[in-house]
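J.: Sequence plus the predicted model coming up.
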Amino acid sequence: MMQKPKKMIVANWKMNVTSEKDAVGLFNSIKNVVSKLDYTQMICCPPHMYVNQVAKQANHKNYRVGGQDAYPEESGSRTGETSVLMMKNAGAEYVILGHSERRHLETKSDVARKVTAVLEHDMSPIICIGEETRDKNWKKTLQQQLKDVFNRVPKKNPENIIIAYEPIWAISSDKKNPATSTEYMEALEVIKKELQKIFKTATAVSKIRFLYGGSLDDKNIEDFLKNADVDGFLVGRVSHDPRILMTMFRLVEDHVHKELVEAITK
Ligand code: 13P
């Protein structure tokens, strides 16, 4: 039987960890627990400044490191930018791209160029898409976001592609308003149908991994585990709270274990 890839919890620390000491300390406080997990993997995405230091601690397959963005050219006169190559050399294997908190700083074609560059460097882009509100056009918004990326990106190595559905209305909202598993599944259907049109083969689409992100925590993750077809989660605010993160890992781990036991004993 083919082994399923581990479920991913992507910890997007955003700009919430502000020193090397805190970044390394936070990572080390989580990593021993993560190294013992059987079915779950953590992708830690620190601020650019600390990617290298965190990656030096990431010596186990269960925890890997990613960047929160990267510039698509390898080097050049680009003041203040961090290139995809620099990210890779710093130890990142993943890069979050097109996050709604960055979209106002970049064009659609910038996002597509970044995705192409990340794939060309044998890294995995975590491409964020999501509608602003669930108005009558929300499905079209998702379809267009996918077209804007993939019509410009070579359709190779779908196994390296990760798509995160992060509805903007659910991200970091004060009300803590996550999507429900039903809303996620509605979006996933739209996303997969559009990708099928773009990639033209179901096999390619079956290799892409899909995450949910937006106000996730240890209270609402179970809804997704029980009721949604999800390969993992993209977590913001609680990703730098080791206690909550550990509970989330435990819930994912227990859920996958239970599913496996049920499959064997059926
Ligand atoms: P919150 O978990 O804080 O809502 O953030 C989600 C997110 O933007 C992850 O990339």
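T.: Thanks, I have the structure now. Residues are numbered from 1 along each chain as shown.
J.: buried sites along the one helix or strand Gln144 maps to?
T.: Remark: Gln144 resides in helix 138-150, with elements defined by DSSP states H and E. In terms of neighbour count (16 or more other Cβ atoms under 10 Å), helix 138-150 has its buried residues at Trp138, Lys139, Thr141, Leu142, Gln143, Gln145, Leu146, Asp148, Val149, Phe150. The C-beta positions use only the backbone N, C-alpha and C, and glycine is treated the same way.
J.: hmm, the next helix or strand after that helix in reach of the ligand?
T.: Once the chain leaves helix 138-150, the next helix or strand it forms, by DSSP H and E, is strand 162-165. No: with Cβ under 6 Å from any ligand atom as the criterion, the ligand is not reached by strand 162-165; the gap is at least 7.0 Å.
J.: Not counting its own residues, what contacts strand 162-165?
T.: Residues from elsewhere that reach strand 162-165 (Cβ atoms under 8 Å, 6 or more residues apart in numbering): 8, 10, 94, 96, 124-130, 142, 146, 179, 184, 187-188, 191, 195, 208-213, 231, 234.
J.: Same list, those, but only the ones touching the ligand.
T.: Checking those against the ligand by Cβ under 6 Å from any ligand atom, the ones in range are Gly213, Leu234.
J.: Looking at the contacts of strand 162-165, which are in strands?
T.: Among the contacts of strand 162-165, the ones falling in strands (DSSP state E) are 8, 10, 94, 96, 124-129, 209-213, 234.
J.: now that we have the residues you listed, which one has the most neighbours?
T.: For the ones in strands among the contacts of strand 162-165, the largest neighbour count, defined by other Cβ atoms under 10 Å, is 31 neighbours, found at Ile126.
J.: burial measure for Tyr184, as a count.
T.: Based on other Cβ under 10 Å, the number of other residues close to Tyr184 is 25.
J.: looking at it, it is touching Asp231, isn't it?
T.: No: applying Cβ atoms under 8 Å, one finds Tyr184 not in contact with Asp231, separated by 11.8 Å.
J.: Now the residue of the chain found nearest the ligand. Nearest residue, chain neighbours left out?
T.: Taking Cβ to the nearest ligand atom, the ligand has its nearest neighbour within the chain at Gly236, 2.2 Å off. Of all residues not flanking Gly236 in the chain, Asn12 sits nearest, at 5.3 Å (Cβ to Cβ, 6 or more residues apart in numbering).
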